[in-house]
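S.K.: Here is my input, please return the structure:
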Amino acid sequence: MWREFARNRLAVLGAVVVVLLYGLAVVAPNVAPQDYRAFNAGQPLKAPSAEHWFGTDRQTRDVFSRVLVASQVSLSVGLVSVLLITGIGVSLGALAGAVGGRVDETIMRFTDIVLAIPQLFLLIAAVALFTPSLTTTMVVIGLTSWMSTARLVRGEFLRTRSLDFVLAARALGASTGRIVVRHLLPNALAVIIVQSTLWLSFAILLESSLSFLGLGVQPPTPSWGGMLADGRVDMQRAWWETVFPGMAIFITVLAFNLVGDGLRDALDPRQRNR
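M.R.: Next up, the predicted model:
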């Protein structure tokens, strides 16, 4: 698998970018040239320069420092949200696919109901019920995005449980739990990994959308979506306020998508050279 992944140069580049982004996010407060909350008197909307690499915003704050610190928000939201999405989706999908019958029917019909509600509307409604914060954003994205993972895992379980080695295990008296843990889940692991990687980029986009609408992380904590919302007023005369946060979102999402595509090709036996 790793040999196949390493042959995909774009996927390797994406993985390097992801590692660098998380590394920068961890040390962001220490490497930021200025305090992201500090004001620079008399320097509103100053263009990028040696003193302020990404310029300053309307409140005279250093944009580069704020972009660095905001990476902590977006990357942590993406990671924690995907852990919730994967946990809920895999649990429900595995239960539906392994047990079948009325349990499968009940879980899938509930999944269909949730899927019928537009996700952005569901996110806005859920966030509006609670105080907007980093924790609320993580939990809401996780609780409203598990459906596709559940359907995917269920499909893999249904496909795998009819194969000969699973039928042989059942004929030998293996319990349903043992078959799930030893046979069904390991064979669905590749799909789960790829789906989780791709969901990381989508979760970051969702967090940016909520922050842009003012429903995500609240000031003074910076977020890429919030910075885009603040900079749109001065977009014509201070392009750097929106370009640099937008580029951060673009590069991050692209890197995760490249990694996801590389993992999908590496984990798919049909893609391997024999």
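
S.K.: May I have the host helix or strand of Phe157 as PDB, with CA atoms only?
M.R.: Using DSSP states H and E, Phe157 sits within helix 147-160. C-alpha atoms of helix 147-160 as PDB (Å, rounded to 0.1, in the frame of the first residue of the first chain):
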ATOM      1  CA  MET A 147     -25.000   9.700   7.300                       C
ATOM      2  CA  SER A 148     -22.900   9.100   4.100                       C
ATOM      3  CA  THR A 149     -20.300   7.200   6.200                       C
ATOM      4  CA  ALA A 150     -23.000   5.000   7.700                       C
ATOM      5  CA  ARG A 151     -24.500   4.100   4.300                       C
ATOM      6  CA  LEU A 152     -21.000   3.400   2.900                       C
ATOM      7  CA  VAL A 153     -20.000   1.100   5.800                       C
ATOM      8  CA  ARG A 154     -23.400  -0.700   5.600                       C
ATOM      9  CA  GLY A 155     -22.900  -1.300   1.900                       C
ATOM     10  CA  GLU A 156     -19.400  -2.700   2.500                       C
ATOM     11  CA  PHE A 157     -20.700  -5.000   5.300                       C
ATOM     12  CA  LEU A 158     -23.600  -6.300   3.100                       C
ATOM     13  CA  ARG A 159     -21.100  -7.000   0.300                       C
ATOM     14  CA  THR A 160     -18.500  -8.700   2.500                       C
END
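
S.K.: Give me the buried positions along it.
M.R.: Met147, Ser148, Thr149, Ala150, Arg151, Leu152, Val153, Arg154, Glu156, Phe157, Leu158, Thr160 (16 or more other C-beta atoms under 10 Å). No exception for glycine: its C-beta is placed from N, CA and C like everyone else's.

S.K.: Distance from the lowest-mean-pLDDT helix or strand in the chain to the middle of the chain?
M.R.: Least confident helix or strand, the chain: helix 119-128 with a mean of 79, by mean pLDDT, DSSP states H and E. Centroid displacement of helix 119-128 relative to its chain, using C-alpha atoms, centre = their mean, to the nearest Å, is 17 Å.

S.K.: where exactly do the helices run in the protein?
M.R.: For the chain, applying DSSP state H gives helices covering 2-7, 9-31, 63-99, 101-116, 119-128, 134-143, 147-160, 164-171, 176-179, 185-212, 224-231, 240-267.

S.K.: tell me the most buried of these?
M.R.: Most buried of the helices of the chain by mean neighbour count (mean count of other C-beta atoms under 10 Å) is helix 224-231; its value is a mean of 24.

S.K.: Could you check the angle that one makes with helix 240-267?
M.R.: Interaxial angle, helix 224-231 versus helix 240-267 (axes from the mean of the first three to the mean of the last three C-alpha atoms, to 10 degrees): 150 degrees.

S.K.: Now for the closest residue to Leu83 other than its chain neighbours: which residues touch it?
M.R.: With sequence-adjacent residues excluded and distances taken as C-beta to C-beta, 6 or more residues apart in numbering, Leu83 is closest to Gly142, at 7.5 Å. Taking C-beta atoms under 8 Å, 6 or more residues apart in numbering, we find Gly142 in contact with Val80, Ser81, Val82, Leu83, Leu84, Ile85, Ile88.

S.K.: Try it again at 6 Å.
M.R.: Contacts for Gly142 (C-beta atoms under 6 Å, 6 or more residues apart in numbering) come out as Ser81, Leu84, Ile85.

S.K.: Can you read off the pLDDT for it?
M.R.: Model confidence at Gly142, given as pLDDT, is 88.

S.K.: Check the gap between it and Arg159 for me.
M.R.: Note on Gly142: its distance to Arg159, by C-beta to C-beta, to the nearest Å, is 26 Å.

S.K.: where does the chain have low pLDDT?
M.R.: 41-42, 268-274 (pLDDT under 70).

S.K.: Can you tell me which residue is spatially central in it?
M.R.: For the chain, the residue nearest the mean C-alpha position is Leu200 (2.0 Å; C-alpha atoms, centre = their mean).

S.K.: correct me, but it touches Leu83?
M.R.: No - judged on C-beta atoms under 6 Å, Leu200 makes no contact with Leu83 at a distance of 10.1 Å.

S.K.: Right, I'll call it a day here.
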